[in-house]
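Engineer: Pasting the sequence and the predicted model now:
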Number of protein chains: 2
Amino acid sequence: MKLDSAGLQVLLPQECMALLATAPIGRIVFTDRALPAVQPVNFVLDGTDIVIRATVGSKLAAATRRAVVAFEADDFDPQGRTGWSVTVVGHARAVDDPQEAARLAGLPLTPWAPGERDHFIVIAAEQVSGRRITGS
Amino acid sequence: MKLDSAGLQVLLPQECMALLATAPIGRIVFTDRALPAVQPVNFVLDGTDIVIRATVGSKLAAATRRAVVAFEADDFDPQGRTGWSVTVVGHARAVDDPQEAARLAGLPLTPWAPGERDHFIVIAAEQVSGRRITGS
């Protein structure tokens, strides 16, 4: 078991992806008008790609177009002070190809928020890191 | 009840701060070597300031020194597809004044992670925004 400098257990990339697959919600981290921005989204994994749905013309769609973003999911137990977090960093891209969009529309990804969200954003998991805190 | 362009309920700043006070964990969003970075931390509110503890010399301590950061907390119910999120954007500063550090050490903020974490970071809540999703 590898520990980082803060004493947290370092997760292997395959552990990170397995944990990500269990999370209903993640947080996409991007830059909005030169300021750090973060927005919770529901998502689905497509292999190691993270797929989210956004509204065409939304701030999220505009800000993540051809940008490097981070995507974070976690699950903590405040009583036991245990839990894990996983962060993926990679290029986000808008899905412009109708065939790819049709395929992604078949994934089990129903937006929580109301409104038309037929714009797909795909984040490539280029850097994957994760930590587990096991309580003291 | 004000809705945003995505159909989510817009929370007032005072609602945002009241919800933040209920969250055991938040996520600090910053830039690390020109890449977006995000790290979960436990925190406490000191008025409207967000106070976290870090290890001296840690990546988090270095990256947030005199930087504008975002801080996000949320709570979602995946079954009901309801929940809220709050994001604060503001300047982070390291607490260098021993008197201020002594006062902050008296706040109910015990780090979850092991190790010495006697370095305080304070984030001023300069922009506060929040959304609630009430389910369909």
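Structural biologist: Yep, it's here.

Engineer: Indicate each strand paired with the helix or strand harbouring residue A:53 and its parallel or antiparallel sense.
Structural biologist: Assignment of secondary structure by DSSP states H and E places residue A:53 within strand A:49-54. With DSSP bridges as the test, strand A:49-54 is paired with strand A:44-46 (antiparallel), strand A:119-123 (antiparallel).

Engineer: in the shortest one, what's buried?
Structural biologist: Same thing as strand A:44-46. By 16 or more other CB atoms under 10 Å in any protein chain shown, the buried positions in strand A:44-46 come out as A:44-45. In short, each C-beta sits where N, CA and C put it, glycine included.

Engineer: hang on, the earlier thing: export the strands paired with strand A:49-54 to TSV and tack on distance to residue B:25 and mean pLDDT?
Structural biologist: Conversion of these to TSV gives the following (distance: least, CB to CB, whole Å; pLDDT from 0 to 100):
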stretch	distance to residue B:25	mean pLDDT
strand A:44-46	23	97
strand A:119-123	23	95
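
Engineer: Export those strands to JSON lines and append columns for distance to residue A:17.
Structural biologist: Shown next, in JSON lines, are the strands paired with strand A:49-54 (distance: least, CB to CB, whole Å):
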{"stretch": "strand A:44-46", "distance to residue A:17": "7"}
{"stretch": "strand A:119-123", "distance to residue A:17": "13"}
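
Engineer: for stretch A:94-112, which positions count as buried?
Structural biologist: A:94-95, A:104, A:109, A:111-112.

Engineer: Kindly report the same for stretch A:123-136.
Structural biologist: For stretch A:123-136, by 16+ other CB under 10 Å, it's A:123-125, A:128-133.

Engineer: Likewise for stretch A:74-82?
Structural biologist: Here stretch A:74-82 shows A:74, A:76, A:81 as buried, counting by 16+ other CB under 10 Å.

Engineer: contacts for it?
Structural biologist: The contact list for stretch A:74-82 (CB atoms under 8 Å, 6 or more residues apart in numbering or on different chains) reads A:19, A:22-23, A:83-86, A:132-136, B:24-25, B:27, B:40, B:112.

Engineer: Now the helix or strand hosting residue A:128 - C-alpha only, CSV.
Structural biologist: Element membership for residue A:128 (DSSP H and E) is strand A:127-133. The C-alpha atoms that make up strand A:127-133 are tabulated as CSV, following Å, rounded to 0.1, in the frame of the first residue of the first chain:
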residue,chain,number,x,y,z
GLN,A,127,-4.1,11.6,-16.1
VAL,A,128,-5.9,9.6,-13.4
SER,A,129,-5.1,9.8,-9.7
GLY,A,130,-6.9,8.9,-6.5
ARG,A,131,-6.6,8.8,-2.8
ARG,A,132,-8.2,6.8,0.0
ILE,A,133,-8.4,7.9,3.6
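
Engineer: Show me the shaky parts of chain A.
Structural biologist: Flagging of chain A using pLDDT under 70 yields the residue ranges A:115, A:136.

Engineer: Enumerate the residues of chain A near chain B.
Structural biologist: A:5-8, A:24-25, A:27, A:29-31, A:35-40, A:55, A:58, A:68-70, A:72, A:74, A:76, A:78, A:81, A:85, A:87, A:89, A:112-115, A:133, A:135-136 (CB under 8 Å from any CB of the partner chain).

Engineer: Take the residues you listed and keep only those in strands.
Structural biologist: A:25, A:27, A:29-31, A:35-40, A:68-70, A:72, A:74, A:76, A:85, A:87, A:89, A:133 (DSSP state E).

Engineer: check contacts around the residue nearest the centre of chain A.
Structural biologist: Closest to where the C-alpha atoms of chain A average out (CA atoms, centre = their mean) is residue A:71, at 3.6 Å. Contacts for residue A:71 were tallied using CB under 8 Å, 6+ apart; they are A:26-29, A:43, A:50, A:87-90, A:123.

Engineer: Closest one to residue A:63 out of those, please.
Structural biologist: residue A:28 (9.1 Å; CB to CB).
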